[in-house]
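K.L.:
no sequence for this one, just the structure:
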C-alpha cells in the first residue's frame, strides 16, 4: 500500500536524522536554554525579518494552539475560528480545556473573511448585554487551511485591518506552512506573515522534522512568562535542543521553503489527472492536500493500492476523499497513482 | 417608567417574604441539611411523581447549568445546545470555564429537533477520526426557550428517543418553567418532564422566589458526590434552608403552577394588541416573553413610559424588541400599555 | 437543643428582613446595576475611607475567594495561605478548581507572619529553577481567622510591608469581619484594613445578612473586567439589589460594627467560665468563636442541651470543640450554658 | 566543563539513534496506531508480567503526570504526594492546572510512608465536614524519588495495603526507573511494581531515549477514553511510532535494565570519594543522583571544571549540591572528578 492519506507518516528529512546522529555525543543545557535553540531562533528571526521576535519550541500542533491561545486570552475571552478550523474540530476540545470558547464562523473552503471578523467586532462593541457574553479577542486562521487553501496577501492584510479596528490578536497556525510557502499560487511569504500577525507558528512535524513547531511571538503583550506557561501546560521538552537542532537544520540553507516544492507540484499533477477524469474537486486547493468528490467505485478501485483518507460521506454513492503528498513523496509513486487514476 | 424589559425585576412573591419573616427567629443546620429543604424536596418529588429523585438547590441559572453539566460530562465530552441557548450565549463562557465545549446547533425560535440530535449521534458513531473530536454526551434544551417557545410532549419524547439511541443525557433548563406550565398551549407537565429527562431544573429566580433553582436529578449516574461538586463550584449556599423554605412555599398548594397564569394571559393580550396594530412577531411565543419587530418610531413612542428590552437590530429602521410580563405584573400596567400600543 | 455549633444558623437581622418586606413591591434593574447597590457601595466607601474603591457583591465566601483569587492570578501563580486557611481546607478545592495552587504555610492559631511571607518572597527571587515552580503572587489571610484570632495593626502592616517588597497582593477574607471589629482586643478598623489590602471582603452571611459578601477592590490592577469574570464564575446574582439592600442596611447607622458586640462579649464570658472550670483553651481567641480541649465526659454532658461543633480528636479521652456565639445569640441561652459549664 | 548537573543532557543511546536512522524511509499510521507501538507494548507487557496492561506513550514527565492524574481523579479529589514530589514542586502547578489539589505530606529523603497514607485515609473517613474538603483518592510516589532514594518492596507493599484499605489509587512516577532497577540496593523489580500499582510510568527521557515516557495502566477503571483524554491534554504525539520504536529498542534485549548500571556504580564511587573527604551526604541515595552538603570553597573548586547543580542554601558557608551520573557518563570523567574531590 502506498500512503497518500496524510502528510505525517514518515519520520524526518535525512538532513535532520543526520544532524541528530552527528550530535549524539554532545551535551546541552535543558529546557531550551541551549545553543541549538539560540542558533535556530536567530535563523528564524532573520528569515522573518523581525530581530525582536521571541521564538518558542513546542512538540505538536494541538499543544501549541492550546498554550498560545490560553496565554493570550483572559478566561472570558474567546478565539474566532473558521468552523472547520483545527482548534474547533480536531483537538478534542483542547481549547475549551483551557477554559476558552471557540467562536466558530461559517467558512468557505476553510477560510473566513475580514468582513466576518469585523462583524464579530461590531457585535462586541454594540452588544446589548456586555459582560454576559464571551468577548472575542483573537482571530485564529491556518495557512494553508485544513483544506489546503491559502489566504492571499490582500486577504491577510484585510483581516489584520479588522483585528486592529477591534483590538483582536491575529494568530496563524502554520502546521503545514512550508506547503504554503512552496505553492506557486502563494503570495504570503514569511515576512508578510510576520508583518501581519501577533503570533504564528512554523510547523515542523508535517514539514520535514521528526516533530516540533516553532512559535513566533511578535506582540510584546504575549511575551511575558512564556516559559512558566509552557511548562505548566506540559508543553516544554526537557531536551529542548532536539527542537533547536531540527529548526536550525530546516532554516539554515532554506531547506524549509524548498522541501515542499516537489510535493506541491506532485499534488497539482494528481489534481490535473483527477480533473481530466471528470472527478470533481471538493475544494480548489493549491497546496499538498487535495480533496475530491469520488464515487464509491472509484474509491474502491484506487484503495486497492493506495491509501486515501475519508473526509465525509456526500451521498449514498459519493464521498469526499483527501489525498496528500508530502516532502517525502516519491515521483514514481505519484506516477503510478496517476496511471491508476487514468484507468478509473 | 413601567418595566416590561425582563421578568426578574421584583424580589419575591408576598407568601415567600411572609414565610421568611415568620421564620426569622428559627435556627437551622447549614448547607441544605435542614428540615425546609427536606420538606421542599418531598413536595417536588410528589409533584413530579418520582420518589427517588435527588433534589439540589442552587442560587442562579448560570451556576446551575455550569455545575450540572460539569458533573455529567467527562472533560472531552460536549453538550449539544441550540445556538441561541443560554449556555451558548449568555453565560460568559461558564460552560467552557468548566472545560466543556458547547456544540451549538442552528435553531428555529430557540428550539432544536430530535432529527438534529440524531444527526449528532450519527456523526459521533461514524466519525472517521474518533478521539480527535469532542464527543457529544448531553442535550441541553430550555422549557420555555430563551424565545418563549415551548417543546411539545411529542417533540420532547422524540428528543428523549434520540438521546436513548446514542447514550446522551437530556438536561432541561427550566429557568422560566412556571411560565411554560401556565401556558394554555403547553402539554408538557412536570411529570412528563421528569419522565423524559435525566436532569432538569425548576426555576425560582424568575418564578416567584427571591432567588433559587431546584435541580432534579433523575438518572442515578449523575447522583454521586453532588455535594462535593456543588461546594467546589462555589454553588452551595451556607444557609441552605432559605432555598428550601422558598421552594416549599412555591410547591405547597400549587403556587408554582398558578403564579404565572395571569402573566401568560397578559403577555398574550399584549401580543394580540401588537398584531392588531400590524406589528410583526419576531417569534411566535405562547409564554410570558414576547418578541416583536418594531420600527424605531414605535419603539421611541412606547419607550417614553415603558421599558422594553432590545434584542437585536434588524435593519436601519427596525429592531427586535422583547416585552416580558411576570408573576408580579399588574393588570392596570398592561391595560395602559395596550392603550399605548393602540395609539401607535 | 440550643445551637452554639456555628454562627450561620439564623436567617438575618430583623432590620434586613424588615427592609426586604418594605421593598417587595419595588422594581429594579438586574445584575447589580441598581440604586441599592449604588447606595450600599457609597456607604462602604465612606466607612473605609476610599472613595475610589470598587465594590462587588457575592453570595457566599467560597465563591468570593475563588473568583477574586482567579481574577488576580495568572494560571502559574499561587496564593500563600495559612495551612488552616479556609481556601486551603474548607472549599473542596475551589481554588485549585480555578487552576491555582494554594501555597500552605504552617500557622499558629490560624495566623501566618510577615517573616513567613518574606521567606516565600526570597525563595521566589532566588529559586534555582525559576519557571519550574509555582510563583507566589498573593497572600490570603482571614480577619478574624478560622480560629477566631486577630491580626494586630502591627502584624497587618508588617505583612503589607513584606508584600510590597516582593510584589505580592494582599487579600483579606472577612467572612466574620464584624466580630473582629467588635472585639475589645482589635486595633484593625475598616480604614486600617483598606489602607493595607489590595482587596478584602466584608462578610455578610455570618454577620447579619441573609447571605452576601461585599468585595472591596482597592488595587487598580484588579478592577478591569470584574463583571465578566464574576458572571463566568457563576457568581453574579440576577437580583443584585437584594445584596445592595442588605449591605446598605448593615452599613447605614453602623449596624455592621455594632451587631456583633454582644456576641463577642458573650463568647468571652463562656471562655471565662470554661477557664474557671480548668478547661483548657485550644486557641486563645478574642472573638465569637471559642475553642476548648474538653474531655469526652464534659462534651457528653454539655451536648445534652447544647450543640457544639467537633474540630478534631486530640486523644482517646479529649477532643477540640468549638463554641460560637453570633449576632442572634440570646443572653438567656448563654446564661444557662454557663450554668451548665459550672456544673460540669 | 564536564556536566554532572543533571541526567538529561545528551540525546539518546546509540542504539536508538541507529534504529531511527534505519527506519527513516518507512511509513506508519499516526497517533500510536502503528506496529512499533504494538511491539513495544508487547515487550513491556512481557517485562512486567501483565498481559492485560494498557500502555500509552507520552513525551515528557510533567505531561504524563498531569494527564494520568487528571484522568484518574474527579475534580474534587486530590493526589497525595511527598512535599518534595515532582508534582508538588517542579511542574509549575500543572496538577492544579487540571483542577486537582496536591495533598503534600512531610517526607524524609523524598519518601512518604504507609502510615502517612493510612492517616490520610482515616482523616477522610472520619472528617467532621465531609464534602467541604478535598478527598484524597490517589497516592503518587516516585521510584527512585527526586532525591535518588528507593522504596523497598516491603515499603511499597505497605503503601499498597494502605491504598487498598481506603480505596486509593497508587501511581508511581518512574522518570528515572532504570536507575532504580540498576541499583544493587533495589528489591523492587518491574513485576513487583506492576503487582502493586494502579498505574506507573517507565521513564525514557532520562533513561536512554531521545524523549518519551511509557505509561502502564493496570487498573481497568483508568483505561476508558485514554486516547481522547491524551489528545485533549495536548499530550498525543502525531508520529507516535517514534515513541514505540524507542521503547521497543529499550525493552528488547533488556537494554533498559542494563543501561543504567555503570551510572549507578559511578555515582556510588563519587559518593565514597566525598565521604572519604569528610563531606556529608544530604541524602543517602543508592542511585545515580547524589546530594552533598558542601562548603562554598569546595563548590567553587569543583565548579572550575565540573557542573554541579545547586539544590538549596544551607547556611552562609554551605550549600546542598546535586551530582548526577547518567547512562552516558564516561568513566574517565568520573575518574578525573574523583581526583578533583580527593584534592579538595
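P.N.:
Yep, it's here. The structure presented is a predicted model; accordingly, all values stated were derived computationally and were not measured.
K.L.:
show me the contacts for residue A:170.
P.N.:
A:138, A:139, A:141, A:159, A:160, A:163, A:196, A:197, A:198, A:199 (CB atoms under 8 Å, 6 or more residues apart in numbering or on different chains). Placement of C-beta: from N, CA and C, glycine included.
K.L.:
and with 7 Å instead?
P.N.:
Contacts for residue A:170 (CB atoms under 7 Å, 6 or more residues apart in numbering or on different chains) come out as A:139, A:159, A:160, A:163, A:196, A:197, A:198.
K.L.:
how about the closest residue in space to residue A:231 that isn't next to it in sequence, what does it touch?
P.N.:
Leaving aside its chain neighbours, residue A:231 sits nearest to residue D:92 (4.3 Å; criterion: CB to CB, 6 or more residues apart in numbering or on different chains). Residue D:92 makes contacts with A:228, A:231, A:232, C:76, C:131, C:132, C:133, C:134, as judged by CB under 7 Å, 6+ apart.
K.L.:
any idea which of the residues you listed is closest to chain B?
P.N.:
residue A:232 (15.6 Å; CB to the nearest CB).
K.L.:
thinking again about what came up before, ok, the contacts of residue D:92 vs residue C:168, which is closest?
P.N.:
residue C:134 (13.3 Å; CB to CB).
K.L.:
Next, the contact list for the closest one, please.
P.N.:
C:76, C:77, C:78, C:101, C:103, D:92, D:93.
K.L.:
where does the residue nearest to residue A:231 land on pLDDT?
P.N.:
Confidence at residue D:92, expressed as pLDDT, is 97.
K.L.:
Quick check: it is in a strand.
P.N.:
No: read with DSSP: H, G, I helix; E, B strand; the rest coil, residue D:92 is coil and lies in no strand.
K.L.:
Report how many residues lie close to the closest residue to chain D within the stretch 51-200 of chain A.
P.N.:
Proximity to chain D, evaluated over the stretch 51-200 of chain A using CB to the nearest CB, is greatest for residue A:63 at 3.4 Å. For residue A:63, the count of nearby residues is 25 (other CB atoms under 10 Å in any protein chain shown).
K.L.:
three-state assignment of it?
P.N.:
helix.
K.L.:
Does it touch residue A:235 like I think?
P.N.:
Yes: counting by CB atoms under 7 Å, residue A:63 does reach residue A:235; the two are 4.7 Å apart.
K.L.:
and for these two, which residues touch both?
P.N.:
With CB under 7 Å, 6+ apart as the test, residue A:63 and residue A:235 both reach residue D:234.
K.L.:
Quick check: the gap between residue A:246 and residue B:285.
P.N.:
Residue A:246 sits 60 Å away from residue B:285, going by CB to CB, to the nearest Å.
K.L.:
now residue A:76
P.N.:
30 Å.
K.L.:
Kindly report the same for residue A:304.
P.N.:
Distance from residue A:304 to residue B:285, by CB to CB: 58 Å.
K.L.:
Looking at these two, which is more packed in?
P.N.:
Set residue A:304 next to residue B:285 and count neighbours by other CB under 10 Å: residue B:285 wins out with 26 against 8.
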